[in-house]
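A.B. asks: Below: sequence and its predicted model.
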Amino acid sequence: MDFLNFLDIGVTDLIDILLVAILLYYLYRLVRGTVAINIFLGIVIIWAFWKGTQLLDMRMTASMVGGFMQVGLIALIIVFQQEIRKFLLVVGSTNFAKKRRFTKHFKFLREEGVNTELNVNALIRACEIMGKNRTGALLVIERDTSLDFITSSGDEMQIEINQPILESIFFKNSPLHDGAAIIKGNKIVATRVILPVSRQQNIPNRFGLRHRAAFGITERTDALTLVVSEETGSISYIKNGEFVAYKDMEELERIISKDLNT
Ligand SMILES: Nc1ncnc2c1ncn2[C@@H]1O[C@H](COP(=O)(O)OP(=O)(O)OP(=O)(O)O)[C@@H](O)[C@H]1O
C-alpha cells in the first residue's frame, strides 16, 4: 500500500497543514464577495485535482495539469493583481494602534485622548438628511488599512463627528463639499480628498464618478464607504468593491457597526 505513505503524518506536517489552512482562509477572506472568488475556487479545484492525480500516480494527467499549473502561476499574478496589491497594502499599512482586540491588552498603543468609537448613528442620520435634500456626499471610513496615502490629496483637519458638521461639509455652497471626506475613529481627518476611481466594467452606467471613486478605494483597501447620490438621494454602502444591500436605515446602522467591530 505504497500510495498510502502520505498518511504517515508527523508534527511538522500538522503545522504545515495548519499554516496552509490559515493562509487559504486569509486568501479567501481577501477575495470573498468579489469576482475573484470564482477564479480562486477554480484554482483550488484544479490544484486539488492535480495533487489527486499525483497521489494516484496518474503520470500523464499529472504532468499535463502540472504544466498548466506552472504557466498558471504567472496568469495568477496578473489575474490577482488587485488583490495582491490590496494584501500588500493591508500588511504594509495596518494600524496596529487601532486594532481594538489588540489594544485591549496593550493600553500604551492606544491613541491618546482620541475617542475611537465612530458615532454611526450621527453618520447615518446625516446621510438620511443629505439624501432627502439631494446633497451629494462621499464618506470613507478607515478601518485597519491606513488611508494616510490619500488624505494628503485633500485638506487635512481634525473635526469631531456630529450630524450638522457632516451636513455643512457637503452643503453645495461649502468650499469643502467636493471630493471625499475621510473618517478615522470619530473624526473627519480630511475633506476634498481625491480617491482612485474603479475601472470595473460591471458598474452600471447610471453610477458616475462619485460611486466609481467609492468602488475604487474599497477595492484597494478595507475601508467602508457611504455615498449619497445628488441625483437620486439614494444612500449606497460600498465595501470590498461591492454594494452592500440593506432594508432600512436601522439595518444599515447595524451593518456598519458590525463591520467596524470585525
Ligand atoms: N476621484 C474622485 N474622488 C473623490 N470624489 C470624486 C471623485 N470623482 C468625482 N468625485 C465627486 O463626485 C462628484 C461628481 O459626481 P458624479 O455626478 O460624476 O457621480 P455620481 O456617481 O453620478 O453621483 P450622483 O448620483 O451624486 O450624481 C464630484 O463633484 C466630486 O465631488
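C.D. replies: Received the coordinates, thanks.

A.B. asks: Look up how far the ligand lies from residue 56.
C.D. replies: 53 Å (C-beta to the nearest ligand atom, to the nearest Å). Every C-beta, even on glycine, is put in place using the N, C-alpha and C of the backbone.

A.B. asks: let's number from 753 now, not from 1
C.D. replies: Shifting the count to begin at 753 puts that one at residue 808.

A.B. asks: For that residue, the count of nearby residues, please.
C.D. replies: Residues lying near residue 808 (other C-beta atoms under 10 Å) number 11.

A.B. asks: where in the stretch 853-1002 of the chain is pLDDT low?
C.D. replies: 853-868 (pLDDT under 70).

A.B. asks: which parts of it sit against the ligand?
C.D. replies: 888, 890, 930-932, 946-947, 949, 959-963, 965, 981-983 (C-beta under 6 Å from any ligand atom).

A.B. asks: List only those of those residues flagged as buried.
C.D. replies: The neighbour-count test (16 or more other C-beta atoms under 10 Å) marks 888, 890, 931-932, 947, 959, 962-963, 965, 981-982 as buried among those.

A.B. asks: Find the residue closest to the residue in the stretch 753-902 of the chain that the ligand sits nearest to in space, skipping its chain neighbours.
C.D. replies: Distances between the stretch 753-902 of the chain and the ligand by C-beta to the nearest ligand atom are smallest at residue 888, namely 3.8 Å. Leaving aside its sequence neighbours, residue 888 sits nearest to residue 982 (C-beta to C-beta, 6 or more residues apart in numbering; 3.1 Å).

A.B. asks: how far away is the one you found from residue 792?
C.D. replies: Distance, residue 982 to residue 792, using C-beta to C-beta, to the nearest Å: 36 Å.

A.B. asks: all helices of this protein, in order?
C.D. replies: Applying DSSP state H to the chain gives helices spanning 763-783, 788-807, 811-831, 833-844, 852-855, 872-884, 900-903, 915-922, 961-972, 1001-1012.

A.B. asks: Between helix 872-884 and the last one, find me the angle.
C.D. replies: Spelled out, that is helix 1001-1012. 130 degrees (axes from the mean of the first three to the mean of the last three C-alpha atoms, to 10 degrees).

A.B. asks: Quick one: residues in contact with helix 1001-1012.
C.D. replies: 870, 872-873, 875-876, 880, 893, 895, 976, 978, 987, 989, 991, 996, 998 (C-beta atoms under 8 Å, 6 or more residues apart in numbering).

A.B. asks: Buried subset of these, written for PyMOL?
C.D. replies: Entered in PyMOL, the line below selects the buried ones among the contacts of helix 1001-1012, by 16+ other C-beta under 10 Å:
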select buried, resi 870+872+875+876+880+893+895+976+978+987+989+991+996+998
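
A.B. asks: from the contacts of helix 1001-1012, which two are the most distant?
C.D. replies: Taking C-beta to C-beta, the two most distant members of these are 880 and 895; they sit 22.7 Å apart.
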